[in-house]
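Student: curious how this folds, go ahead:
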Amino acid sequence: MTGTRAGSPPAGSPPTGSAPTGSTPTGPTPLGPLPVGPVPVGPVPVAPVPADLARRATADPLFRLVAYALEAAHGRPPAAVWSAPYAFHLGSPGLVAAAGWPVAAAAAPRTDGLVRLSSLGHPADSCDLPLTPDGPSPAAPAWAVRPYALLRALARAGYGRGGSDLHFQGSLTEAAGLATAEPADCAMALAVADVHTPAGTEPDRDGLARLLARALPDGDDALRRAVLFARPGQALQPDTGEEGRHVDFDPAASGRRLVLLAVRGEPADRAAELARAVARARRAGALSAWPPGRRPGRSVLVLLPASRLTAVRAAVAEDFRGRGRPVPRFLNITVAGAARREE
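Tutor: All right, here's what the predicted structure looks like:
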């Protein structure tokens, strides 16, 4: 884990194949049974993301990467790329916020009832699956089970009943300790809803939040609300109305820093090592620390004066290095805004 996002192919790198272009996809079809039997049309011709995002040197590397990867994996450009921030709980009960590190999803519509899923996190396990909104799910790689369940739920709601090509990728690994499922769920849902919604129409975020809560009840609904409705420099109390209530939470504005501290090593040792790291951080000037999720894990968020950041990092590193233990990783966190379409 480093302080930079995932890399991308060099500026101007060509895709592995050319892609058809054409009309913009129309909106979701009415709810009802899927057509039975073969469908004569497969991928829907799409216009690529504006200004060819995969080759635009000034675009964020992660967004270039997912656009390029979908084209490389499925032979055509995305019709939409969405980013969704990782999210975290605050030390105060009921408050959540978004971090300035995103998950990105690229999507293109189909009409033949097929979904094609890929991720750079699972390069050998891309899959093509028939989209069956009801009944038993087809066999799929373990990583694709959750995305497929989401696509089935979207199809039942009228989004993407004809199928989709979908690629997603995060900017952080699980070693960071931030929840990965919720931003990935939201990025995929927004991308698929977007390409099956009339052009110029924003996907219904509140409707998608309710759909995600029903389809994936094991997820953290508060974090999903942060992903969908967060504002820069603010925390969200998600259980107060459709978009929740926003309150100021901007460490940088008050001369403070928010960092994620993640320990390494064996799972059995993490709780003790994390407690020791927090103790050293507090002794060096940290103000508070708390887990980013609903349950303790491998990382904590640490709030500290900006002037003490170097001292805190040095104190923690010295203690772990002196005991021959892997030095914890530190990741700077900005309080970011909600998921958005990348143009």
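
Student: low-confidence ranges in this structure?
Tutor: Applying pLDDT under 70 to the chain picks out residues 1-51, 240-242.

Student: so what are the domain limits for it?
Tutor: Following the assignment in automatic domain parsing, the chain carries domains at 53-240+336-341, 251-334.

Student: next, format those as TSV and append mean neighbour count.
Tutor: C-beta coordinates here come from the backbone N, C-alpha and C atoms, glycine included. TSV is the format used below for these (neighbours: other C-beta atoms under 10 Å):
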stretch	mean neighbour count
domain 53-240+336-341	21
domain 251-334	17
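
Student: could you pull out the helices for the stretch 1-150 of the chain?
Tutor: For the stretch 1-150 of the chain, the helices defined by DSSP state H, counting those that start in this stretch occupy 61-74, 145-156.

Student: using a markdown table, please lay out the ones you listed together with distance to residue 307.
Tutor: Formatted as a markdown table, the helices of the stretch 1-150 of the chain follow (distance: least, C-beta to C-beta, whole Å):
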| stretch | distance to residue 307 |
| --- | --- |
| helix 61-74 | 31 |
| helix 145-156 | 42 |
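
Student: so for residue 316, which of those helices sits nearest?
Tutor: Among the helices of the stretch 1-150 of the chain, the nearest to residue 316 by C-beta to C-beta is helix 61-74 (28.3 Å).

Student: which strands and helices sit next to that closest one?
Tutor: Counting contacts by 3 or more C-beta pairs under 8 Å, 6 or more residues apart in numbering; DSSP states H and E, helix 61-74 packs against strand 80-89, strand 96-109, strand 114-119, strand 163-170.

Student: could you rerun that using 6 Å?
Tutor: Counting contacts by 3 or more C-beta pairs under 6 Å, 6 or more residues apart in numbering; DSSP states H and E, helix 61-74 packs against strand 96-109, strand 163-170.

Student: put the alpha carbons of the first one into PDB.
Tutor: In PDB, the C-alpha atoms belonging to strand 96-109 read as follows (Å, rounded to 0.1, in the frame of the first residue of the first chain):
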ATOM      1  CA  VAL A  96     -19.700   7.900   8.300                       C
ATOM      2  CA  ALA A  97     -17.600   9.600   5.600                       C
ATOM      3  CA  ALA A  98     -15.900   8.900   2.300                       C
ATOM      4  CA  ALA A  99     -12.200   8.600   1.700                       C
ATOM      5  CA  GLY A 100     -10.400  10.100  -1.300                       C
ATOM      6  CA  TRP A 101      -9.500   6.600  -2.700                       C
ATOM      7  CA  PRO A 102     -11.900   5.200  -5.300                       C
ATOM      8  CA  VAL A 103     -13.100   2.000  -6.800                       C
ATOM      9  CA  ALA A 104     -13.900   2.300 -10.500                       C
ATOM     10  CA  ALA A 105     -16.300   0.400 -12.700                       C
ATOM     11  CA  ALA A 106     -16.700   0.500 -16.500                       C
ATOM     12  CA  ALA A 107     -19.800  -0.900 -18.200                       C
ATOM     13  CA  ALA A 108     -21.300  -1.300 -21.600                       C
ATOM     14  CA  PRO A 109     -24.800  -2.700 -22.400                       C
END
